[in-house]
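Peer 1: I'll drop the sequence and a predicted model, then ask my questions.
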Amino acid sequence: MGPRDGSETVKMDIVVTVNGRKYAASVESRLLLSDFLRDTLGLTGTHVGCEHGVCGACTILVNSDSVRSCLTLAVRANGMDIMTVEGLGTPDELNALQSEFREKHGLQCGFCTPGMLMTGMDLLKKYPLASDDEIREGLSGNLCRCTGYQNIVAAIRAAAGLRNRSAP
Amino acid sequence: MKPASFDYVAPNSLEAAIEALAAANGDGKVMAGGQSLMPLLNFRMTRPTVVIDLMHIPGMSFIERRGEVIAIGAMTRHADLEFSDLVATQLPVMAAAMPHVAHLAIRNQGTIGGSLSHADPAAELPMLAVFYGATIRVQGPGGRRDIAAEEFFVSALTNCLEPEEIVFEIDFPVLTLHSGWAFEEVARRFGDFALACIAVSLDCRDGRIADARVAVMGVADTPRRLREAEDALRGTQGWPQGSANFAEAVRSCLSPADDIHVSAEYRKNLIGALAEKAFKTAWARATGARP
């Protein structure tokens, strides 16, 4: 029995916390974390573009680090704490970074936006983001096919400014 | 772009992982951080019957000083190296190179053992291993052995591991006497694989270069240490005389190939220009002189 003879592979039980809520599921070993979030849990805020780690649209936070959800298996997320774009803010109460995206018009079609936001969250946590060059380097793994980069950079610059002002 | 079916095991010990690899009889793939393996699986360029995940093996992620060596566990993530104080102070060329490794989300998952085993000729960590003269420590069914980084990389995407061996640790000697260094890379976009890249480190005394270390990548099918260029520097007076000679020595060691991005000639010119720039920076850091 095994994957090569056409038989079903054994499913594996996982328990994952997503946006503060615990989910238990039985998944095939080959299931991508991106598909688990979208298809199994119905959390379609995480977008899937290239499915090989180039476009950055599917970026989420795993144990508060940004991760490409198409480049990891759902089984590897067992026991982990995940945050997707749905966990950031609500339409009535956007978080600080989301507010700046709205303020600076940091999105056009919106397809890349979840990945841009989740990447932005991790960049804000780990880097000074003191210059636009640094922000652009940080965003270099996220593609916007509308090419709306100027305003995305402006939104992250504004969020970094807010962060610095509120830092002790 | 979804992987074909495979069985998945995540053993708790290196021995169990090696056993699982042996049991797969050549059809198993080892997963470390998965950042090179997952695209290959998604594209179905590789279709293993079993994926052996190392993520649950304890004790494989660490950065520690052991005498004149910085020992790094194979499952240490790129981001751990990027933000490590020990790396920043003891392996400055590695510290300078880490932000160039892919993108933050990849660095948060990718591991040093995975990157070395994948052996991409335009990846930073294989080049750093060659540059520092690292020892790559591997374990197989017959026990452990140590492999010099220069022996480890055989050709593009090919290492010298036996089918059932797994990298568990990499030891990087600290270049204690070297006081000036530089890392220069050009890629099409920040975070992309390098078109050409050079690392230089110098030990300067009384205005002369006592010792030099030089490695390049992106310009051959493996990362390469350029001993000829190191010899050309040793005993010379550095800037400004040494700079052009050094660039010429680097260029003459290499015969890069054409690819879809750039011509061989462009690559050769580029590595020469980077060599000159890196040399100036390393010399300035070593001597305090401003070229």
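Peer 2: Sure, I can see it.

Peer 1: Who are the packing partners of the longest helix anywhere in chain A?
Peer 2: If you go by DSSP state H, chain A has its longest helix at helix A:149-166. Counting contacts by 3 or more C-beta pairs under 8 Å, 6 or more residues apart in numbering or on different chains; DSSP states H and E, helix A:149-166 is packed against helix A:96-103, helix A:113-126, helix A:132-138. C-beta coordinates here come from the backbone N, C-alpha and C atoms, glycine included.

Peer 1: So which of these is nearest B:Phe183?
Peer 2: Closest approach to B:Phe183 among the helices and strands packed on helix A:149-166 (C-beta to C-beta): helix A:132-138, 15.2 Å.

Peer 1: Only alpha carbons, please: show the closest one as PDB.
Peer 2: Extracted C-alpha coordinates of helix A:132-138, given in PDB (Å, rounded to 0.1, in the frame of the first residue of the first chain):
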ATOM      1  CA  ASP A 132      12.100  53.300   1.300                       C
ATOM      2  CA  ASP A 133      15.000  51.100   0.000                       C
ATOM      3  CA  GLU A 134      14.700  48.900   3.000                       C
ATOM      4  CA  ILE A 135      10.900  48.700   2.700                       C
ATOM      5  CA  ARG A 136      11.300  47.800  -1.000                       C
ATOM      6  CA  GLU A 137      13.900  45.100  -0.200                       C
ATOM      7  CA  GLY A 138      11.500  43.700   2.400                       C
END
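
Peer 1: Ignoring the adjacent residues along the chain, who's closest to A:Glu51?
Peer 2: Nearest non-adjacent residue to A:Glu51, counting by C-beta to C-beta, 6 or more residues apart in numbering or on different chains: B:Met1, 3.7 Å away.

Peer 1: neighbours around the one you found, how many?
Peer 2: As a burial measure, B:Met1 scores 13 neighbours (other C-beta atoms under 10 Å in any protein chain shown).

Peer 1: ok so, going back, buried sites along the longest helix of chain A?
Peer 2: Residues A:Tyr149, A:Asn151, A:Ile152, A:Val153, A:Ala154, A:Ala155, A:Ile156, A:Arg157, A:Ala158, A:Ala159, A:Ala160 are the ones in helix A:149-166 that count as buried (16 or more other C-beta atoms under 10 Å in any protein chain shown).

Peer 1: Also stretch B:283-291?
Peer 2: B:Trp283, B:Ala284, B:Arg285, B:Ala286, B:Thr287.

Peer 1: Neighbours of the nearest residue to B:His103 once chain neighbours are set aside, how many?
Peer 2: In this structure, B:His103 finds its nearest non-sequential neighbour in A:Gly141, 2.8 Å apart by C-beta to C-beta, 6+ apart. For A:Gly141, the count of nearby residues is 25 (other C-beta under 10 Å).

Peer 1: before we move on, the earlier item: sort the buried residues of stretch B:283-291 by pLDDT and name the bottom one.
Peer 2: The lowest pLDDT within these belongs to B:Thr287, with 88.

Peer 1: if I pick that residue, what's in contact with it?
Peer 2: Contact analysis of B:Thr287 by C-beta atoms under 8 Å, 6 or more residues apart in numbering or on different chains lists B:Gly180, B:Cys204, B:Gly207, B:Gly238, B:Trp239.

Peer 1: Mind doing that once more with 6 Å?
Peer 2: By C-beta atoms under 6 Å, 6 or more residues apart in numbering or on different chains, B:Thr287 lies in contact with B:Cys204.

Peer 1: who touches the helix or strand that contains A:Ser26?
Peer 2: In this assignment (DSSP states H and E), A:Ser26 forms part of strand A:21-27. The contact list for strand A:21-27, computed with C-beta under 6 Å, 6+ apart, reads A:Lys11, A:Asp13, A:Ile14, A:Val15, A:Val16, A:Thr40, A:Leu41, A:Ala74.

Peer 1: Write out the residues of the stretch 101-250 of chain B neighbouring chain A.
Peer 2: B:His103, B:Leu104, B:Ala105, B:Asn108, B:Gln109, B:Arg189, B:Phe190, B:Gly191 (C-beta under 6 Å from any C-beta of the partner chain).

Peer 1: I appreciate the help and will end here.
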